[in-house]
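> What would the 3D arrangement of this be:
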Amino acid sequence: MSDKQNLSYQAGQATGQTKEKASGLMDKAKDAAASAQDSMQHAGQQMKQKAQGAAEVVKDKTGLNKNT
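Below is the predicted model:
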């Protein structure tokens, strides 16, 4: 194999490795984003439930939550 062919081969190897690493990093970034989204949705649901509970307490204390 000539020096030129060897350099071309090594360049191709480096390009392939770089693409593989980039793909792995993108997968990790996607997983992190999905995890963050799930966490935020869960936190939002908890806040909503707490706010609804607080509203019920206020209604009970002010007599607005009358059961007929």
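> who's in contact with D60?
Applying C-beta atoms under 8 Å, 6 or more residues apart in numbering to D60 gives no contacts. For the C-beta atoms, the positions are set from N, CA and C on the backbone; glycine is no exception.
> what helix or strand is it on?
D60 belongs to helix 3-62 when assigned by DSSP states H and E.
> Now that helix: average pLDDT?
The pLDDT scores in helix 3-62 average 96.
> That helix: how far from the chain's middle?
Centre-to-centre, helix 3-62 and its host chain are 3 Å apart (C-alpha atoms, centre = their mean, to the nearest Å).
> what does stretch 49-66 give?
The answer for stretch 49-66 is 34 Å, by C-alpha atoms, centre = their mean.
> what's the neighbour count on G16?
Residues contacting G16 under the criterion other C-beta atoms under 10 Å number 10.
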